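Peer 1: fold the following for me, if possible:
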Amino acid sequence: MTGADYSGLLPAAGRCIAHFGGGGGTEEHFARIHPGARYAHATLEEASAILGEMDSPLDCILYEGEAAASLTEEALREHLAHLAEDGQVVFVAENPGYFRRIFALLSGEDFVPTGRAPASIVRMAESAGLFLDHVLPVRSGQDAEEEKRPDTRAFLAAVRGWQEGRGISRGSDPLALRHVLRFVRRRRERIFIQAMLGEALVTARVRVHEPNSFLMTVPGVDCRAAKTVDFSLGAHYPRKVFLCQRIRFMNVRDGLANVDNICRAGYLSIAEMDDNISLWRKDYETSRYLELRGMHAVQTSTEPLAEILRRFNPEVAVFPNQLRELPPPREYAEGDAVTVFFGALNRGPDWQEIMPALNGAAREYGARLRFRVLADRAFYDALRTEHKEFVGREDFYEGRYVPYEVYINTLRTADISLLPLLDTEFNRTKSDLKFIESAGHGAVVLASPTVYRGTVRDGVTGFLYCSPGEFAERLRFLVDHPGKRRSVAEAAYRYVASERLLSGHYEERLAWYEELLARKEELDAALRERVAGIRGS
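Peer 2: As a prediction, the model looks like this:
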């Protein structure tokens with residue numbers, strides 16, 4: 001059974017979900033976000049039997065389609081008896097004010113409501129004792145071009161003005177085909193998390209966008225991420241966090257101005273930094289490290305990097321990188337050909353010592369050993385084999401980057417993923433993200449002990465090498481033993497499923513933010529003290 005996917009709107013950490021009505025798209029996708037969750041999907045008529053079988057309180061009840069349209073208040077009250085105290089109730093409601101429906105009505109076509117209007121759902125839910133937490137518009141991709149037309153824009157502006165004039169604009173979006181309404185038993189003091197992106201191409205996805213998308217499933221939490229700042233967005237929030245992702249100030253004067261603006265707006269400020277700051281040492285020295293000293297706290301991805309950051313700010317938390325969802329199990333190609341994948345930037349010193357072994361294996365195995373390379377043209381050129389492919393375009397960031405989907409799709413074709421890192425202070429601060437991405441997509445890793453010794457179990461969830469000679473031996477072993485190669489890849493996949501999915505970790509961020517907000521007066525004083533010396537110099 002297929003259907004629309006609303007999995008991203010359900011609480012990602014939910015262990016017990018009941019879903020009534022609609023198709024199976026949400027259930028199928030949520031199983032990848034939280035594989036251990038119990039998910040019951042049924043018709044509204046089957047609700048009593050299904051709920052009676054659930055052995056723990058529900059974290060969320062989702063009503064979609066006919067179930068959302070025909071649910072009675074009496075039935076809702078019966079269902080709420082199975083909902084946890086901090087659980088959520090989510091409705092997917094058709095939008096009778098959707099602009100294409102209005103177009104149809106104005107054109108003389110029949111206008112047949114397709115379900116209960118959002119306002120009717122709100123009245124029923126509030127009568128049953130629930131509080132409206134959030135209204136989220138669900139837009140159709142086909143409307144993007146229509147919205148660009150001047151006459152459509154003018155019409156939509158008129159509709160919104162009409163709504164505002166009658167006080168019905170809250171949560172109503174004429175561009176939304178549907179609205180998703182989230183209800184809770186108790187109101188929560190709202191929190192707003194605004195992120196300013198300094199590097200939006202690569203790191204923002206895993207460090208900001210994906211965690212924020214899960215935090216938005218927590219009642220009372222709103223998030224925004226952009227390269228620009230709008231402090232007015234947080235004006236009506238009692239608690240607000242400003243996340244500076246890889247932001248660098250041009251000089252001390254600009255740095256102090258930014259620090260003052262964030263403080264005046266009442267935000268708790270947090271620097272998000274997931275790479276070794278030695279990359280930008282001159283910039284940081286110019287700004288006197290205000291990017292770190294001028295924030296209330298810092299969040300990062302590894303403990304070795306946290307140790308460096310604590311030299312500039314004592315409030316540092318480590319949130320390791322995770323996968324947003326578990327990829328589907330890998331289906332391996334038949335035959336004895338083996339594909340080796342390499343896709344990383346700035347690894348020249350790290351791979352040079354293993355290149356002779358790679359070329360030796362290429363000579364030995366011939367067409368049986370294939371290579372697919374992203375990002376590093378020098379690595380590709382150094383391979384002495386015809387059986388190689390450079391994935392990417394020279395006109396796309398000079399071939400140094402590819403869209404994330406291209407990276408993942410290429411990785412998914414690989415049998416072996418190479419992860420070389422020399423033992424340097426810079427490399428020791430890196431994260432193991434490439435291991436969990438490789439594991440999630442079924443490629444067994446052949447990795448250095450630097451960084452990867454902490455999570456890769458040698459011979460169990462991957463293979464480690466400590467010298468070029470050991471690398472050559474293990475590469476040959478992996479090529480010659482497909483059974484072992486795949487059993488190790490499958491063990492790594494299970495490790496990711498049980499330990500390294502974001503659904504099991506994103507709430508740790510919110511708990512830390514809330515703990516910092518509770519100490520904001522103390523942190524304000526510490527921040528003023530750190531900045532005072534810089535301000536006076």
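Peer 1: what about Ala93, which SS state?
Peer 2: Here Ala93 is strand, with the state taken from DSSP: H, G, I helix; E, B strand; the rest coil.
Peer 1: what about it, neighbour count?
Peer 2: Around Ala93 sit 25 other residues, with neighbours defined as other C-beta atoms under 10 Å. From N, CA and C alone the C-beta is placed, and that goes for glycine too.
Peer 1: residues making contact with the helix or strand where His79 lies?
Peer 2: Assigned by DSSP states H and E, His79 belongs to helix 73-80. Contacting residues not belonging to helix 73-80 are listed as 18, 44, 47-48, 51, 61, 89, 124-125, 127-130 [C-beta atoms under 8 Å, 6 or more residues apart in numbering].
Peer 1: if you set the cut-off to 7 Å instead, what comes out?
Peer 2: 47, 51, 61, 124, 127-128 (C-beta atoms under 7 Å, 6 or more residues apart in numbering).
Peer 1: closest to the centroid, which residue in the protein?
Peer 2: Centroid check for the chain by C-alpha atoms, centre = their mean gives Glu210 as the closest residue, at 1.4 Å.
Peer 1: run through the residues that contact it.
Peer 2: Per C-beta under 7 Å, 6+ apart, neighbours of Glu210: 324, 502.
Peer 1: Asp222 now?
Peer 2: Counting by C-beta under 7 Å, 6+ apart, Asp222 touches 190, 192, 216.
Peer 1: which of these lies closest to Gly14?
Peer 2: Met216 (13.9 Å; C-beta to C-beta).
Peer 1: so which other helices or strands are in contact with the lowest-mean-pLDDT helix or strand in the chain?
Peer 2: Ranked by mean pLDDT, DSSP states H and E, the weakest helix or strand in the chain is helix 143-148, scoring a mean of 74. For helix 143-148, there is no helix or strand it packs on, judged by 3 or more C-beta pairs under 7 Å, 6 or more residues apart in numbering; DSSP states H and E.
Peer 1: could you measure from the residue lying farthest from the centre of the chain over to Arg347?
Peer 2: Centroid-distance maximum for the chain: Gly108 at 44.2 Å, with C-alpha atoms, centre = their mean. To Arg347, Gly108 is 64 Å away according to C-beta to C-beta, to the nearest Å.
Peer 1: distance from the chain centre to the helix or strand containing His179, please.
Peer 2: His179 is located in strand 176-184, with elements delineated by DSSP H and E. Centroid separation for strand 176-184 versus its chain: 21 Å, with C-alpha atoms, centre = their mean, to the nearest Å.
Peer 1: any idea of the angle that strand forms with helix 73-80?
Peer 2: Comparing the axes of strand 176-184 and helix 73-80 via axes from the mean of the first three to the mean of the last three C-alpha atoms, to 10 degrees yields an angle of 60 degrees.
Peer 1: which strands and helices sit next to the helix or strand following strand 176-184?
Peer 2: Proceeding N to C from strand 176-184, the next assigned helix or strand is strand 191-197, under DSSP H and E. Applying 3+ C-beta pairs under 7 Å, 6+ apart, we find strand 191-197 packed against helix 210-215, strand 221-226, strand 239-245.
Peer 1: and the pLDDT for Ser503?
Peer 2: pLDDT, Ser503: 98.
Peer 1: that one: how many residues sit nearby?
Peer 2: With other C-beta under 10 Å as criterion, Ser503 counts 25.
Peer 1: so it sits against His34, correct?
Peer 2: Yes - counting by C-beta atoms under 7 Å, Ser503 touches His34, with 4.4 Å between them.
Peer 1: shared neighbours of those two, anything?
Peer 2: Common contacts of Ser503 and His34, defined by C-beta under 7 Å, 6+ apart, comprise Ala12.
Peer 1: ok, Arg190 touching Tyr237?
Peer 2: Yes - with contact defined as C-beta under 7 Å, Arg190 and Tyr237 form a contacting pair (5.4 Å).
Peer 1: now stretch 194-213, how far from the chain's geometric center?
Peer 2: Put simply, stretch 194-213 sits 8 Å off its chain's centre (C-alpha atoms, centre = their mean).
Peer 1: same deal with stretch 530-537?
Peer 2: For stretch 530-537, the distance to the chain centre is 37 Å (C-alpha atoms, centre = their mean).
Peer 1: dump the helices and strands packed on strand 191-197 into CSV; add mean pLDDT and distance to Ala68 as well.
Peer 2: As requested, the helices and strands packed on strand 191-197 are exported to CSV (pLDDT from 0 to 100; distance: least, C-beta to C-beta, whole Å):
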stretch, mean pLDDT, distance to Ala68
helix 210-215, 98, 23
strand 221-226, 96, 24
strand 239-245, 98, 32
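Peer 1: what's next to the least confident helix or strand of the chain, contact-wise?
Peer 2: Contact partners of helix 143-148, identified using C-beta under 7 Å, 6+ apart, comprise 152-153, 175.
Peer 1: and the helices in the stretch 1-150 of the chain?
Peer 2: 25-33, 47-53, 66-70, 73-80, 99-106, 118-127, 143-148, 150-165 (DSSP state H, counting those that start in this stretch).
Peer 1: of the contacts of helix 143-148 - the most surrounded one?
Peer 2: Leu175 (21 neighbours).
Peer 1: for that one, give its distance to Ile102.
Peer 2: 11 Å.
Peer 1: now swap in Arg293 and tell me
Peer 2: Distance, Arg293 to Ile102, using C-beta to C-beta: 54 Å.
Peer 1: which of these two has more residues huddled nearby?
Peer 2: Remark: of Arg293 and Ile102, Arg293 carries more neighbours, 21 against 16, as counted by other C-beta under 10 Å.
Peer 1: pLDDT score assigned to the more buried one?
Peer 2: 96.
Peer 1: please apply the same query to the one 5 residues further on.
Peer 2: The predicted local distance difference test score for Val298 is 98.
Peer 1: next one: Asp254
Peer 2: Confidence at Asp254, expressed as pLDDT, is 92.
Peer 1: so it is in which element?
Peer 2: Using DSSP H and E, Asp254 falls in helix 252-264.
Peer 1: about what we covered before: what's the spacing between the residue nearest to the centre of the chain and Asn409?
Peer 2: Glu210 is 18 Å from Asn409, by C-beta to C-beta.
Peer 1: where does the prediction get shaky in the protein?
Peer 2: The model of the chain has pLDDT under 70 over residues 1-2, 111-114, 167-172, 394-400, 537.
Peer 1: need the contact list for the nearest residue to Gly454 once chain neighbours are set aside.
Peer 2: Nearest non-adjacent residue to Gly454, counting by C-beta to C-beta, 6 or more residues apart in numbering: Asp432, 6.8 Å away. Shown in contact with Asp432 (C-beta under 7 Å, 6+ apart): 451-452, 454-455.
Peer 1: going through those, which ones are buried?
Peer 2: By neighbour count, with 16 or more other C-beta atoms under 10 Å, the contacts of Asp432 hold 451-452, 455 as buried.
Peer 1: neighbours around the residue nearest to Val318 when sequence neighbours are not counted, how many?
Peer 2: In space, and not counting its chain neighbours, Val318 is closest to Ala306: 5.0 Å by C-beta to C-beta, 6+ apart. Around Ala306 sit 17 other residues, with neighbours defined as other C-beta under 10 Å.
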